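Undergrad: need a structure here:
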Amino acid sequence: MLERYLQERKKPLAQLALDTLLELAPDHPRRAEYQRWVRELDQDIARHQQLETQYQAGREALHLGDLDGARRALDALRKIDPAARQTEELGEELGRIEHGLSLEEDLQRRKDEIDALLAQGAIDEARRRVDALRALPHVSKVTIDFLLRGIDEARVRHTEDQEIRGYERTLREHLTRNDHGAARDVAKAIGKRFPNRSRAAELMREIDEHEQALRRQASLQQGLAAIETFIQDGQRQQAELALRVLERLDLDRKQLQLLERRVRRL
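TA: The predicted structure is shown next:
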């Protein structure tokens, strides 16, 4: 009974059992040993409580995803008793989680590399990277299927991009000749051929800007020619009006100041 109470860390019952034993057998051969065990039971109980406290703290930290907190609890357990059950169990559980995170981090790194290759247009190399992932036991079929779908989509985009670039070359030839109507026809063809892409709208804006820039330049040249005529003819009022028009056309500041001085001298 005494040894059972000692193993169960029941100090009052262990003390009672020891007192009873010594009354019945005061010269018991293990008297000193039993007395020492009972005395040390308080220390053992305190140590066990410390182990349980740190063990529970570590388990709670793992539950919350606080790996640093779990590591601190494990360090405390190792200082109390590196061979204790609590120390071994928390160490094993933390190790499993850390290993799992390491696999996740490795997989995410590989995914990021594949995404980067797809962004660069290196589709075949990205496909080889995905095929290499098949050999890893921790990569699920769902993950592989998702990556393969991304590669298929990238391949389609790449093919479309090549075709769009062909249209764009024709469009820019029209812009070089300032044929904005023909350029718009090409942009419309792109929009019809690829309705899910935004490139047609972007090219339309570019054509509009190109046309507006030409019109501004033409207006600027007309304004400069007109003000030169007004200045030479001494027509100050008309020259001032032409000057205000040129200001709205964003004429170079130095050139504008020179014209202002010439008009003031009229």
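Undergrad: Please report the distance of the residue most central in space within the chain from Gln54.
TA: For the chain, the residue nearest the mean C-alpha position is Asp112 (9.2 Å; CA atoms, centre = their mean). Asp112 sits 37 Å away from Gln54, going by CB to CB, to the nearest Å. For the C-beta atoms, the positions are set from N, CA and C on the backbone; glycine is no exception.
Undergrad: thought Ile207 was touching Ala187?
TA: Yes: assessed by CB atoms under 8 Å, Ile207 is found in contact with Ala187 at 6.4 Å.
Undergrad: Now do the shared contacts for those two.
TA: Counting by CB atoms under 8 Å, 6 or more residues apart in numbering, the residues touching both Ile207 and Ala187 are Leu171.
Undergrad: Show me the strands in the protein, by range?
TA: Under the criterion DSSP state E, the chain contains no strands.
Undergrad: can you map out the helices along it?
TA: Under the criterion DSSP state H, helices of the chain are mapped to 2-7, 11-24, 31-63, 67-80, 85-120, 123-133, 141-176, 180-193, 199-233, 236-248, 253-264.
Undergrad: Put together JSON lines for those helices, with mean pLDDT on each row.
TA: Putting these into JSON lines (pLDDT from 0 to 100) gives the following:
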{"stretch": "helix 2-7", "mean pLDDT": "54"}
{"stretch": "helix 11-24", "mean pLDDT": "56"}
{"stretch": "helix 31-63", "mean pLDDT": "74"}
{"stretch": "helix 67-80", "mean pLDDT": "89"}
{"stretch": "helix 85-120", "mean pLDDT": "86"}
{"stretch": "helix 123-133", "mean pLDDT": "91"}
{"stretch": "helix 141-176", "mean pLDDT": "93"}
{"stretch": "helix 180-193", "mean pLDDT": "95"}
{"stretch": "helix 199-233", "mean pLDDT": "90"}
{"stretch": "helix 236-248", "mean pLDDT": "86"}
{"stretch": "helix 253-264", "mean pLDDT": "86"}
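Undergrad: Number of residues surrounding the closest residue to Leu266 other than its chain neighbours?
TA: Nearest residue to Leu266, sequence neighbours excluded (CB to CB, 6 or more residues apart in numbering): Arg236, at 3.9 Å. Neighbour count for Arg236, taken as other CB atoms under 10 Å: 14.
Undergrad: what sits against Arg236?
TA: 230, 263, 266.
Undergrad: Which among those count as buried?
TA: Buried residues within the contacts of Arg236, defined by neighbour count using 16 or more other CB atoms under 10 Å: 230, 263.
Undergrad: Just send the contacts of Arg236 back as TSV, with distance to Arg197 too.
TA: As requested, the contacts of Arg236 are exported to TSV (distance: CB to CB, whole Å):
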residue	distance to Arg197
Phe230	51
Val263	51
Leu266	57
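Undergrad: Ala119: which of the contacts of Arg236 is nearest?
TA: Of all these, Ala119 sits closest to Val263, with 56.3 Å by CB to CB.
Undergrad: State the distance from the closest one to Lys254.
TA: Counting by CB to CB, the gap from Val263 to Lys254 is 15 Å.
Undergrad: tell me the contacts of the nearest residue to Leu101 once chain neighbours are set aside?
TA: Computed as CB to CB, 6+ apart, the closest residue to Leu101 that is not its neighbour in sequence is Leu67, at 7.7 Å. Contacts for Leu67 (CB under 8 Å, 6+ apart) come out as 61, 94, 97-98, 101.
Undergrad: filter the residues you listed to the buried ones?
TA: Taking 16+ other CB under 10 Å as the criterion, what is buried in these is 61, 94.
Undergrad: With distance to Gln162 added, can I get the contacts of Leu67 in a markdown table?
TA: Below are these laid out as a markdown table (distance: CB to CB, whole Å):
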| residue | distance to Gln162 |
| --- | --- |
| Ala61 | 54 |
| Leu94 | 52 |
| Ile97 | 47 |
| Glu98 | 46 |
| Leu101 | 41 |
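Undergrad: buried ones in stretch 228-237?
TA: 230-231, 235.
Undergrad: actually stretch 147-159, not the one I wrote
TA: Buried residues in stretch 147-159 (16+ other CB under 10 Å): 147, 150-151, 154-155.
Undergrad: what's Ala135 sitting at in phi/psi?
TA: phi -80, psi -10 (degrees, to the nearest 10).
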